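Visitor: got a predicted structure here, sequence first:
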Protein chains: 2
Amino acid sequence: MALHDRIRTEIEGQILSGALKPGDKVPSEHELMAHYGCSRMTVSKALTALSGAGLLQRRKRAGTVVAPRPTETMVLDVPDLAVEIARRGQAYRFRLIAREVRKARPEDALDDGLARAGPLLFVRGVHCADDVPIAHEARYISLAAVPEIVEADFTRESPGSWLLRHIPWTEAENRIGAVGADAAWAPLLNLEPGAACLSIERKTWRGEARITLVRQSFVAGSFELVARFGAA
Amino acid sequence: MALHDRIRTEIEGQILSGALKPGDKVPSEHELMAHYGCSRMTVSKALTALSGAGLLQRRKRAGTVVAPRPTETMVLDVPDLAVEIARRGQAYRFRLIAREVRKARPEDALDDGLARAGPLLFVRGVHCADDVPIAHEARYISLAAVPEIVEADFTRESPGSWLLRHIPWTEAENRIGAVGADAAWAPLLNLEPGAACLSIERKTWRGEARITLVRQSFVAGSFELVARFGAA
DNA sequence: ACGCATAATATGTCTATACATTATTTCGAA
DNA sequence: TTCGAAATAATGTATAGACATATTATGCGT
């Protein structure tokens, strides 16, 4: 292991083990280069990496301290639904229910960024695994941001995959919760209204421009999200 | 902005905009130092950062290429429930329902790591905001890993907060899904059995040793998880 | 043609140094 | 005493060079 990796690991270990608590001062670069007998660049690399990972906070002149609440963030895997279903050995299919170009309505409950973006493409459909419905999707796409989407064929490909291939986002936000199945789409998933569903609302941006908002509702037990923290 | 940050941002932009696609070769460090008129350390810093973020893959002699699947991972905020409720201006309270030391039973559906860890402390309780029940929690704690927990008082503090203060974990995994309220605890949350709940199952490790497994079920709408990707 | 040794290439690590930037501390003048 | 300027201590950025290491390309001998 490289020396800067060893330094990084040792300090990380002291933080994770609790030997160094949030707010504690970490030795300065000069003290560490004396301790390890190496140059300043090397210890700096280790400390900068830990700072980037959110474990340390560094301020000029004041020094380096352990960041508060070392970790209330985790890395969340957001699998592509088609890929995830294929990985289970099932056949993925997107069933298009509705598709129309229109303005935002109050009952859509859109955020301002998308509501003011002009005309929207509204798409509703169901994700299926081996023709068993797994999730309902309602999506709003800004035509100003993605004019070429009016040509897309969503009977074979989901809007999500199409967007991913054509215009990658630069920023995204997922809100994850639970919701009872709505009477409007519960029958599409063979559910009683009120049945438990995992709800994911995703907004994406490309620079300043809003691209899309999508609300997906997964039948309980059909889909799980996994978030991890720790050693790879 | 620092030069290495500028280089990093420009290449990142080309990847996110699609100008550079997965598998495409990125100019070598020598080409970039000629292009930007700087030293190799500077471009190396930019490329190493992008490699650490998962956008690039670097191999000696072969060069640097854009990583496949421009990162389907996001950063998930996992707020402490007590802090989150306090932030809403409500009073947090943990109501202890049951607490016992016993061996793992088949119906606990524990993973092998915890089931084989010896005697467990089993705790069940309800998280409340302004005395309104928000979530049910069932937790299993390895007494081998945390013997001093038998002294803890969970009538005032939740087991999660206690653990966080006493023995930080080094590794954790969250599984997030939806579940219908179980008849065993639905009344505690003033729910009908089968009502939609957000389900979070968390396992934590300290090095090789399993510490705890907790299953939390949140009343739909009472709690949301947020995951982000992109600029701050 | 084939396999193997060797050269070339690109990244990985590290040093020693220099100057810039930002807080903090110190100290002097009003 | 208090305010403000200057010294100081820490990190931030960057250079130029050196050697290490992994991988691919080349060419030689059979």
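Guide: Cool, the structure landed. Numbers count the residues shown, from 1 in each chain, chains lettered A, B, ... in the order given.

Visitor: per-domain residue ranges of chain A.
Guide: Domain ranges of chain A: A:3-66, A:75-228, per automatic domain parsing.

Visitor: who does the lowest-mean-pLDDT helix or strand in chain A pair up with?
Guide: Least confident helix or strand, chain A: strand A:73-77 with a mean of 84, by mean pLDDT, DSSP states H and E. Using DSSP bridges, the strands paired with strand A:73-77 are strand A:225-229 (antiparallel), strand B:73-77 (antiparallel).

Visitor: so which bits of chain A are right by DNA strand D?
Guide: A:26, A:28-30, A:40-41, A:44, A:47-48, A:51, A:58-64 (CB under 7 Å from any atom of the strand). Bear in mind the C-beta positions are built from the backbone N, C-alpha and C, glycine included.

Visitor: one more pass at 10 Å, please.
Guide: With the criterion set to CB under 10 Å from any atom of the strand, chain A comes near DNA strand D through A:2, A:25-33, A:39-41, A:43-45, A:47-48, A:51-52, A:56-65.

Visitor: quick check: longest helix in chain A by residues?
Guide: What stands out as the longest helix in chain A, according to DSSP state H, is helix A:3-17.

Visitor: next SSE downstream of that helix?
Guide: strand A:25-26 (DSSP states H and E).

Visitor: do I have it right that residue A:85 meets residue A:132?
Guide: No: using CB atoms under 8 Å, residue A:85 makes no contact with residue A:132, being 10.1 Å away.

Visitor: between the two, tell me which one has more neighbours.
Guide: Neighbours per residue (other CB atoms under 10 Å in any protein chain shown) separate residue A:85 from residue A:132, with residue A:85 holding more: 21 against 13.

Visitor: coming back round to it: deepest of the domains of chain A, which one?
Guide: domain A:75-228 (a mean of 18; mean count of other CB atoms under 10 Å in any protein chain shown).

Visitor: could I get the contacting residues of residue A:186?
Guide: A:192-195 (CB atoms under 8 Å, 6 or more residues apart in numbering or on different chains).

Visitor: and the strands in chain A?
Guide: For chain A, the strands defined by DSSP state E cover A:25-26, A:56-59, A:63-66, A:73-77, A:92-102, A:120-129, A:132-142, A:171-180, A:196-206, A:209-219, A:225-229.

Visitor: tell me what the nearest residue to residue A:200 once chain neighbours are set aside is bridged to.
Guide: Closest residue to residue A:200 apart from its sequence neighbours, by CB to CB, 6 or more residues apart in numbering or on different chains: residue A:216 at 4.7 Å. Beta bridges link residue A:216 to residue A:137, residue A:200, judged by DSSP bridges.

Visitor: residue A:216 reaches residue A:136, doesn't it?
Guide: Yes: at 7.1 Å, residue A:216 and residue A:136 qualify as touching, with contact defined as CB under 8 Å.

Visitor: got any residues that touch both of these two?
Guide: With CB under 8 Å, 6+ apart as the test, residue A:216 and residue A:136 both reach residue A:127.

Visitor: residue of chain A nearest DNA strand C, please.
Guide: In chain A, the residue that lies nearest DNA strand C is residue A:3 (2.8 Å; CB to the nearest atom of the strand).

Visitor: what residues are up against that residue?
Guide: Contacts of residue A:3 (CB under 8 Å, 6+ apart): A:36, A:38, A:42.

Visitor: just put those in JSON lines and tack on pLDDT.
Guide: JSON lines is the format used below for the contacts of residue A:3 (pLDDT from 0 to 100):
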{"residue": "A:36", "pLDDT": "97"}
{"residue": "A:38", "pLDDT": "97"}
{"residue": "A:42", "pLDDT": "98"}
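
Visitor: which residues touch residue A:101?
Guide: Residue A:101 neighbours (CB under 8 Å, 6+ apart): A:119-122, A:143, A:150.

Visitor: can you tell me how far the residue nearest to residue A:200 is from residue A:108?
Guide: 15 Å (CB to CB, to the nearest Å).

Visitor: thinking again about what came up before, tell me the one of the contacts of residue A:3 nearest DNA strand D?
Guide: Of these, the one sitting nearest to DNA strand D (CB to the nearest atom of the strand) turns out to be residue A:42, at 10.5 Å.

Visitor: from DNA strand D, how far off is the nearest residue to the closest one once chain neighbours are set aside?
Guide: Here the nearest residue to residue A:42 in space, its sequence neighbours aside, is residue A:4; by CB to CB, 6+ apart that works out to 5.0 Å. Counting by CB to the nearest atom of the strand, to the nearest Å, the gap from residue A:4 to DNA strand D is 13 Å.

Visitor: turn the domains of chain A into TSV, including distance to residue B:220.
Guide: Formatted as TSV, the domains of chain A follow (distance: least, CB to CB, whole Å):
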stretch	distance to residue B:220
domain A:3-66	31
domain A:75-228	4
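
Visitor: local confidence estimate at residue A:71?
Guide: At residue A:71 the predicted local confidence, pLDDT, stands at 55.

Visitor: now residue A:101
Guide: Per the predicted model, pLDDT is 95 at residue A:101.

Visitor: what of the one 3 residues further on?
Guide: Residue A:104 carries a pLDDT value of 92.

Visitor: so who does it touch?
Guide: A:110, A:114-115, A:120, A:140.

Visitor: can you list these in TSV and add distance to DNA strand C and pLDDT?
Guide: Output for these, formatted as TSV (distance: CB to the nearest atom of the strand, whole Å; pLDDT from 0 to 100):
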residue	distance to DNA strand C	pLDDT
A:110	39	93
A:114	36	92
A:115	39	90
A:120	43	95
A:140	41	97
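
Visitor: let me know the closest of those to residue B:12.
Guide: residue A:114 (25.0 Å; CB to CB).

Visitor: spatially nearest residue to that closest one, not counting backbone neighbours?
Guide: residue A:210 (4.8 Å).

Visitor: before we move on, back to that, from residue B:49, how far off is the residue of chain A closest to DNA strand C?
Guide: Taken as CB to CB, the span from residue A:3 to residue B:49 is 19 Å.

Visitor: one more: residue A:68?
Guide: Taken as CB to CB, the span from residue A:68 to residue B:49 is 24 Å.

Visitor: low-confidence regions, chain A specifically.
Guide: A:70-71, A:230-232 (pLDDT under 70).

Visitor: now do 80
Guide: A:69-73, A:168, A:230-232 (pLDDT under 80).

Visitor: name the residues of it found near DNA strand C, please.
Guide: Looking at DNA strand C, the residues of chain A close enough under CB under 10 Å from any atom of the strand are A:1-8, A:29, A:33, A:36-46, A:59-63.

Visitor: how about 6 Å then?
Guide: By the rule CB under 6 Å from any atom of the strand, the part of chain A lying against DNA strand C is A:2-5, A:38-42, A:59-62.

Visitor: anything in stretch A:24-37 near chain B?
Guide: No: judged by CB under 8 Å from any CB of the partner chain, stretch A:24-37 and chain B are separated, with a smallest distance of 13.3 Å.

Visitor: how about the CA coordinates for that stretch, as CSV?
Guide: C-alpha atoms of stretch A:24-37 as CSV (Å, rounded to 0.1, in the frame of the first residue of the first chain):
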residue,chain,number,x,y,z
ASP,A,24,-11.0,16.8,17.8
LYS,A,25,-7.9,18.3,16.3
VAL,A,26,-5.9,16.2,13.9
PRO,A,27,-2.1,16.7,13.9
SER,A,28,-0.9,19.4,11.5
GLU,A,29,0.8,18.5,8.3
HIS,A,30,4.1,19.4,9.7
GLU,A,31,3.6,17.1,12.7
LEU,A,32,2.5,14.3,10.5
MET,A,33,5.4,14.6,8.1
ALA,A,34,7.7,14.4,11.1
HIS,A,35,5.8,11.4,12.5
TYR,A,36,5.9,9.5,9.2
GLY,A,37,9.2,10.9,7.9
